[in-house]
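Participant: What would the 3D arrangement of this be:
(chains A, B, C and D)
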2 protein chains.
Amino acid sequence: MVGRLGRRLIAMELPILARHEVSMWAYVVLNGLSGGAVRTQAALAASIGADKTRLIPILDDLQDRGLISREPDPGDRRVRLLGLTESGRELHRAVQAEIRDAEELLMAELPAADRDAFVRTLSALGG
Amino acid sequence: MVGRLGRRLIAMELPILARHEVSMWAYVVLNGLSGGAVRTQAALAASIGADKTRLIPILDDLQDRGLISREPDPGDRRVRLLGLTESGRELHRAVQAEIRDAEELLMAELPAADRDAFVRTLSALGG
DNA sequence: TATTGTTATACTCTATAACTATA
DNA sequence: TATAGTTATAGAGTATAACAATA
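Facilitator: As a prediction, this is how the structure comes out:
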(Lines give C-alpha, C1' and ligand atoms only; values in the text may rest on other atoms or scores of the structure.)
Protein backbone atom coordinates (compact mmCIF):
# COMPACT_ATOMS: atom_id res chain seq x y z
CA MET A 1 0.00 0.00 0.00
CA VAL A 2 2.85 2.34 0.79
CA GLY A 3 4.32 1.55 -2.61
CA ARG A 4 1.04 2.21 -4.37
CA LEU A 5 0.63 5.53 -2.62
CA GLY A 6 4.20 6.45 -3.48
CA ARG A 7 3.61 5.71 -7.16
CA ARG A 8 0.41 7.71 -7.06
CA LEU A 9 2.18 10.70 -5.54
CA ILE A 10 4.94 10.49 -8.12
CA ALA A 11 2.38 10.34 -10.91
CA MET A 12 0.78 13.42 -9.40
CA GLU A 13 4.05 15.31 -9.11
CA LEU A 14 5.58 14.53 -12.48
CA PRO A 15 3.26 16.80 -14.53
CA ILE A 16 3.91 19.65 -12.09
CA LEU A 17 7.65 19.17 -12.35
CA ALA A 18 7.45 18.82 -16.14
CA ARG A 19 5.52 22.08 -16.39
CA HIS A 20 8.40 23.82 -14.62
CA GLU A 21 10.98 21.83 -16.59
CA VAL A 22 12.65 20.27 -13.57
CA SER A 23 13.33 16.59 -13.09
CA MET A 24 12.53 14.82 -9.85
CA TRP A 25 16.19 14.87 -8.83
CA ALA A 26 16.55 18.54 -9.73
CA TYR A 27 13.61 19.30 -7.46
CA VAL A 28 15.14 17.25 -4.67
CA VAL A 29 18.33 19.29 -5.08
CA LEU A 30 16.41 22.59 -4.91
CA ASN A 31 14.71 21.22 -1.84
CA GLY A 32 18.03 20.26 -0.29
CA LEU A 33 19.38 23.76 -0.84
CA SER A 34 16.21 25.55 0.27
CA GLY A 35 17.16 25.24 3.92
CA GLY A 36 20.37 27.20 3.37
CA ALA A 37 23.67 26.98 1.53
CA VAL A 38 25.64 23.74 1.52
CA ARG A 39 29.40 23.68 1.54
CA THR A 40 30.26 20.63 -0.57
CA GLN A 41 28.60 18.64 -3.32
CA ALA A 42 29.32 15.45 -1.41
CA ALA A 43 27.43 16.78 1.62
CA LEU A 44 24.47 17.69 -0.54
CA ALA A 45 24.53 14.26 -2.18
CA ALA A 46 24.55 12.56 1.22
CA SER A 47 21.77 14.72 2.59
CA ILE A 48 19.40 13.87 -0.24
CA GLY A 49 20.42 10.23 -0.51
CA ALA A 50 22.03 10.48 -3.94
CA ASP A 51 25.39 9.45 -5.30
CA LYS A 52 27.81 12.34 -5.75
CA THR A 53 28.44 11.44 -9.39
CA ARG A 54 24.71 11.42 -10.11
CA LEU A 55 24.51 14.96 -8.89
CA ILE A 56 26.92 16.50 -11.35
CA PRO A 57 24.83 16.67 -14.54
CA ILE A 58 21.91 17.90 -12.43
CA LEU A 59 23.99 20.68 -10.88
CA ASP A 60 25.40 21.54 -14.33
CA ASP A 61 21.90 22.03 -15.65
CA LEU A 62 20.62 24.00 -12.65
CA GLN A 63 23.67 26.24 -12.81
CA ASP A 64 23.31 26.80 -16.58
CA ARG A 65 19.74 27.88 -15.94
CA GLY A 66 20.78 30.29 -13.22
CA LEU A 67 18.86 28.47 -10.50
CA ILE A 68 21.80 27.70 -8.23
CA SER A 69 25.12 29.32 -7.37
CA ARG A 70 28.17 27.06 -7.37
CA GLU A 71 31.47 28.74 -6.63
CA PRO A 72 34.80 27.39 -5.40
CA ASP A 73 35.33 28.09 -1.70
CA PRO A 74 38.11 30.71 -1.51
CA GLY A 75 39.38 29.02 1.65
CA ASP A 76 39.69 25.59 -0.02
CA ARG A 77 39.37 25.75 -3.75
CA ARG A 78 38.61 22.02 -3.99
CA VAL A 79 35.13 22.46 -2.58
CA ARG A 80 32.13 24.11 -4.23
CA LEU A 81 29.81 26.35 -2.24
CA LEU A 82 26.24 25.65 -3.27
CA GLY A 83 23.17 27.80 -2.84
CA LEU A 84 19.93 28.86 -4.47
CA THR A 85 19.81 31.99 -6.59
CA GLU A 86 16.82 34.26 -6.29
CA SER A 87 15.13 32.65 -9.28
CA GLY A 88 16.00 29.22 -7.95
CA ARG A 89 14.34 30.04 -4.67
CA GLU A 90 11.32 31.36 -6.50
CA LEU A 91 11.03 28.26 -8.68
CA HIS A 92 11.33 26.00 -5.65
CA ARG A 93 8.60 27.90 -3.86
CA ALA A 94 6.30 27.70 -6.87
CA VAL A 95 6.76 23.96 -7.39
CA GLN A 96 6.48 23.20 -3.70
CA ALA A 97 3.26 25.19 -3.48
CA GLU A 98 1.72 23.32 -6.40
CA ILE A 99 2.71 19.96 -4.96
CA ARG A 100 1.25 20.91 -1.60
CA ASP A 101 -1.98 22.00 -3.25
CA ALA A 102 -2.20 18.67 -5.06
CA GLU A 103 -1.57 16.81 -1.81
CA GLU A 104 -4.27 18.82 -0.08
CA LEU A 105 -6.65 17.92 -2.87
CA LEU A 106 -5.77 14.25 -2.56
CA MET A 107 -6.44 14.26 1.17
CA ALA A 108 -9.41 16.59 1.05
CA GLU A 109 -11.99 13.86 1.46
CA LEU A 110 -10.37 12.35 4.51
CA PRO A 111 -11.65 12.96 8.02
CA ALA A 112 -9.46 15.61 9.62
CA ALA A 113 -8.55 13.32 12.53
CA ASP A 114 -7.42 10.51 10.21
CA ARG A 115 -5.43 12.97 8.22
CA ASP A 116 -3.58 14.31 11.23
CA ALA A 117 -2.90 10.81 12.49
CA PHE A 118 -1.67 9.80 9.06
CA VAL A 119 0.86 12.62 8.78
CA ARG A 120 1.96 12.13 12.37
CA THR A 121 2.46 8.41 11.83
CA LEU A 122 4.29 8.91 8.54
CA SER A 123 6.64 11.26 10.27
CA ALA A 124 7.18 8.84 13.15
CA LEU A 125 7.83 5.83 10.90
CA GLY A 126 9.88 7.62 8.27
CA GLY A 127 12.56 8.55 10.77
CA MET B 1 8.03 10.97 3.87
CA VAL B 2 6.15 8.31 1.95
CA GLY B 3 9.30 7.62 -0.02
CA ARG B 4 11.41 7.33 3.11
CA LEU B 5 8.93 4.93 4.69
CA GLY B 6 8.85 2.89 1.49
CA ARG B 7 12.63 2.58 1.46
CA ARG B 8 12.59 1.62 5.11
CA LEU B 9 10.01 -1.11 4.49
CA ILE B 10 11.99 -2.44 1.54
CA ALA B 11 15.16 -2.50 3.65
CA MET B 12 13.19 -4.46 6.23
CA GLU B 13 11.79 -6.93 3.71
CA LEU B 14 14.90 -7.66 1.69
CA PRO B 15 16.63 -9.79 4.34
CA ILE B 16 13.44 -11.81 4.81
CA LEU B 17 13.11 -12.38 1.08
CA ALA B 18 16.81 -13.20 0.77
CA ARG B 19 16.52 -15.80 3.52
CA HIS B 20 13.83 -17.53 1.46
CA GLU B 21 15.73 -16.95 -1.79
CA VAL B 22 13.00 -14.99 -3.51
CA SER B 23 13.43 -11.63 -5.18
CA MET B 24 11.02 -8.78 -4.56
CA TRP B 25 9.34 -9.37 -7.92
CA ALA B 26 9.11 -13.10 -7.30
CA TYR B 27 7.33 -12.39 -4.03
CA VAL B 28 4.99 -9.99 -5.79
CA VAL B 29 4.20 -12.76 -8.27
CA LEU B 30 3.51 -15.26 -5.49
CA ASN B 31 1.32 -12.64 -3.90
CA GLY B 32 -0.53 -12.06 -7.17
CA LEU B 33 -1.22 -15.77 -7.51
CA SER B 34 -2.14 -16.30 -3.86
CA GLY B 35 -5.68 -15.10 -4.43
CA GLY B 36 -6.33 -17.84 -6.97
CA ALA B 37 -5.16 -19.03 -10.38
CA VAL B 38 -4.65 -16.51 -13.18
CA ARG B 39 -5.39 -17.36 -16.79
CA THR B 40 -2.73 -15.45 -18.73
CA GLN B 41 0.73 -14.08 -18.01
CA ALA B 42 -0.33 -10.72 -19.40
CA ALA B 43 -3.20 -10.55 -16.89
CA LEU B 44 -0.83 -11.34 -14.04
CA ALA B 45 1.62 -8.73 -15.28
CA ALA B 46 -1.09 -6.09 -15.42
CA SER B 47 -2.45 -6.98 -11.99
CA ILE B 48 0.91 -6.53 -10.30
CA GLY B 49 1.98 -3.52 -12.36
CA ALA B 50 4.82 -5.22 -14.19
CA ASP B 51 5.75 -5.49 -17.84
CA LYS B 52 4.88 -8.88 -19.38
CA THR B 53 8.43 -9.33 -20.64
CA ARG B 54 9.86 -8.67 -17.19
CA LEU B 55 7.76 -11.48 -15.82
CA ILE B 56 9.19 -14.24 -17.96
CA PRO B 57 12.56 -14.90 -16.27
CA ILE B 58 10.78 -14.65 -12.91
CA LEU B 59 8.17 -17.22 -13.91
CA ASP B 60 10.90 -19.43 -15.38
CA ASP B 61 12.71 -19.45 -12.07
CA LEU B 62 9.60 -20.01 -9.94
CA GLN B 63 8.54 -22.85 -12.21
CA ASP B 64 12.00 -24.47 -12.11
CA ARG B 65 11.80 -24.40 -8.34
CA GLY B 66 8.38 -26.01 -8.33
CA LEU B 67 6.69 -23.02 -6.73
CA ILE B 68 4.19 -22.30 -9.50
CA SER B 69 2.30 -24.30 -12.08
CA ARG B 70 2.31 -22.98 -15.64
CA GLU B 71 0.48 -25.08 -18.20
CA PRO B 72 -0.92 -24.26 -21.62
CA ASP B 73 -4.69 -23.83 -21.50
CA PRO B 74 -6.15 -26.86 -23.37
CA GLY B 75 -8.90 -24.59 -24.71
CA ASP B 76 -6.48 -22.03 -26.15
CA ARG B 77 -2.94 -23.27 -26.26
CA ARG B 78 -1.53 -19.75 -26.63
CA VAL B 79 -2.30 -18.89 -23.02
CA ARG B 80 -0.61 -20.23 -19.91
CA LEU B 81 -2.64 -21.09 -16.83
CA LEU B 82 -0.78 -19.92 -13.74
CA GLY B 83 -1.18 -21.02 -10.16
CA LEU B 84 0.68 -21.74 -6.95
CA THR B 85 1.85 -25.25 -6.18
CA GLU B 86 1.52 -26.52 -2.65
CA SER B 87 5.10 -25.57 -1.83
CA GLY B 88 4.63 -22.21 -3.51
CA ARG B 89 1.62 -21.54 -1.33
CA GLU B 90 3.55 -22.59 1.73
CA LEU B 91 6.52 -20.36 0.88
CA HIS B 92 4.23 -17.43 0.28
CA ARG B 93 2.54 -17.94 3.61
CA ALA B 94 5.87 -18.15 5.43
CA VAL B 95 7.29 -15.00 3.84
CA GLN B 96 4.06 -13.07 4.30
CA ALA B 97 3.93 -14.03 7.96
CA GLU B 98 7.48 -12.85 8.56
CA ILE B 99 6.85 -9.57 6.80
CA ARG B 100 3.70 -9.01 8.82
CA ASP B 101 5.57 -9.72 12.03
CA ALA B 102 8.22 -7.19 11.06
CA GLU B 103 5.54 -4.63 10.25
CA GLU B 104 3.87 -5.25 13.59
CA LEU B 105 7.19 -4.68 15.31
CA LEU B 106 7.72 -1.45 13.40
CA MET B 107 4.31 -0.14 14.41
CA ALA B 108 4.35 -1.54 17.92
CA GLU B 109 5.16 1.74 19.61
CA LEU B 110 2.37 3.68 17.90
CA PRO B 111 -0.85 4.53 19.67
CA ALA B 112 -3.49 2.03 18.55
CA ALA B 113 -5.79 4.79 17.28
CA ASP B 114 -3.06 6.37 15.12
CA ARG B 115 -2.19 2.98 13.80
CA ASP B 116 -5.73 2.18 12.75
CA ALA B 117 -6.13 5.61 11.16
CA PHE B 118 -2.83 5.16 9.35
CA VAL B 119 -3.78 1.84 7.79
CA ARG B 120 -7.26 3.08 6.94
CA THR B 121 -5.86 6.18 5.28
CA LEU B 122 -3.20 4.25 3.36
CA SER B 123 -5.91 2.01 2.05
CA ALA B 124 -8.10 4.95 1.06
CA LEU B 125 -5.31 6.83 -0.69
CA GLY B 126 -3.65 3.85 -2.34
CA GLY B 127 -6.78 2.91 -4.23
C1' DT C 1 -5.15 -11.15 -39.43
C1' DA C 2 -4.99 -10.93 -34.33
C1' DT C 3 -3.25 -12.54 -29.89
C1' DT C 4 -0.08 -14.92 -26.32
C1' DG C 5 4.14 -15.64 -25.05
C1' DT C 6 9.16 -15.28 -26.06
C1' DT C 7 13.56 -13.42 -27.48
C1' DA C 8 16.61 -9.68 -28.80
C1' DT C 9 17.69 -5.09 -28.49
C1' DA C 10 18.11 -0.52 -26.76
C1' DC C 11 17.58 2.76 -23.29
C1' DT C 12 17.67 4.71 -18.57
C1' DC C 13 19.30 4.82 -14.14
C1' DT C 14 22.74 3.89 -10.98
C1' DA C 15 27.17 2.59 -9.12
C1' DT C 16 32.33 1.74 -9.62
C1' DA C 17 36.67 3.02 -10.93
C1' DA C 18 40.00 6.00 -12.96
C1' DC C 19 41.48 10.83 -13.47
C1' DT C 20 42.33 16.05 -12.35
C1' DA C 21 42.96 19.70 -9.23
C1' DT C 22 43.88 21.28 -5.04
C1' DA C 23 45.59 20.69 -0.30
C1' DT D 1 49.23 11.41 0.61
C1' DA D 2 44.61 12.63 0.98
C1' DT D 3 40.26 14.90 -0.49
C1' DA D 4 36.58 17.29 -3.74
C1' DG D 5 35.04 17.08 -7.89
C1' DT D 6 34.81 15.17 -12.58
C1' DT D 7 34.80 11.85 -16.32
C1' DA D 8 34.45 7.22 -18.28
C1' DT D 9 32.87 2.80 -17.90
C1' DA D 10 30.13 -0.99 -16.62
C1' DG D 11 26.14 -3.04 -14.50
C1' DA D 12 21.20 -3.58 -13.30
C1' DG D 13 16.61 -2.77 -14.33
C1' DT D 14 13.26 -1.59 -17.56
C1' DA D 15 10.90 -0.83 -21.87
C1' DT D 16 10.49 -1.39 -27.10
C1' DA D 17 10.43 -3.99 -31.04
C1' DA D 18 10.84 -8.11 -33.71
C1' DC D 19 9.67 -13.07 -33.69
C1' DA D 20 7.23 -17.76 -33.17
C1' DA D 21 3.17 -20.31 -32.14
C1' DT D 22 -1.64 -20.61 -32.08
C1' DA D 23 -6.18 -19.00 -33.04
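Participant: contacts, neighbours, all on C-alpha from now
Facilitator: Fine.
Participant: Quick one: list the elements packing against the top helix by length along chain A.
Facilitator: Ranked by number of residues, the top helix in chain A under DSSP state H is helix A:86-107. Based on contacts counted as 3 or more CA pairs under 8 Å, 6 or more residues apart in numbering or on different chains; DSSP states H and E, the elements that helix A:86-107 packs against are helix A:2-19, helix A:24-34.
Participant: Can you mark which positions in it are buried?
Facilitator: Neighbour-count burial for helix A:86-107 flags A:88, A:89, A:91, A:92, A:95, A:96, A:99, A:102, A:107 (criterion: 16 or more other CA atoms under 10 Å in any protein chain shown).
Participant: Now it: average pLDDT?
Facilitator: Averaged across helix A:86-107, the pLDDT comes to 97.
Participant: wait, what's in contact with the most centrally placed residue in chain A?
Facilitator: Nearest residue to the geometric centre of chain A (CA atoms, centre = their mean): residue A:28, 2.5 Å. Counting by CA atoms under 8 Å, 6 or more residues apart in numbering or on different chains, residue A:28 makes contact with residue A:48.
Participant: Could you do residue A:121 as well?
Facilitator: Contact partners of residue A:121, counting by CA under 8 Å, 6+ apart, are B:110, B:114, B:115, B:118.
Participant: I'd like these as TSV, with distance to residue B:72 appended.
Facilitator: Formatted as TSV, these follow (distance: CA to CA, whole Å):
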residue	distance to residue B:72
B:110	49
B:114	48
B:115	45
B:118	43
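Participant: Rebuild these as JSON lines, extending it with secondary structure, pLDDT and distance to residue B:79.
Facilitator: Compiled in JSON lines, those are given as follows (DSSP: H, G, I helix; E, B strand; the rest coil; pLDDT from 0 to 100; distance: CA to CA, whole Å):
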{"residue": "B:110", "secondary structure": "coil", "pLDDT": "95", "distance to residue B:79": "47"}
{"residue": "B:114", "secondary structure": "helix", "pLDDT": "96", "distance to residue B:79": "46"}
{"residue": "B:115", "secondary structure": "helix", "pLDDT": "96", "distance to residue B:79": "43"}
{"residue": "B:118", "secondary structure": "helix", "pLDDT": "96", "distance to residue B:79": "40"}
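Participant: In PyMOL, how would I select just the buried ones from those residues?
Facilitator: The following PyMOL line selects those of the contacts of residue A:121 that are buried, judged by 16+ other CA under 10 Å:
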select buried, chain B and resi 114+115+118
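Participant: Name the pair among the contacts of residue A:121 with the greatest separation in space.
Facilitator: Among these, the pair separated by the greatest distance (CA to CA) is B:110 and B:118, at 10.1 Å.
Participant: and residue A:122, what is it in contact with?
Facilitator: Residue A:122 sits next to B:1, B:2, B:5 when contact means CA under 8 Å, 6+ apart.
Participant: For the nearest residue to residue A:78 once chain neighbours are set aside, report the pLDDT, please.
Facilitator: Of all residues not flanking residue A:78 in the chain, residue A:72 sits nearest, at 6.7 Å (CA to CA, 6 or more residues apart in numbering or on different chains). The per-residue pLDDT reported for residue A:72 equals 97.
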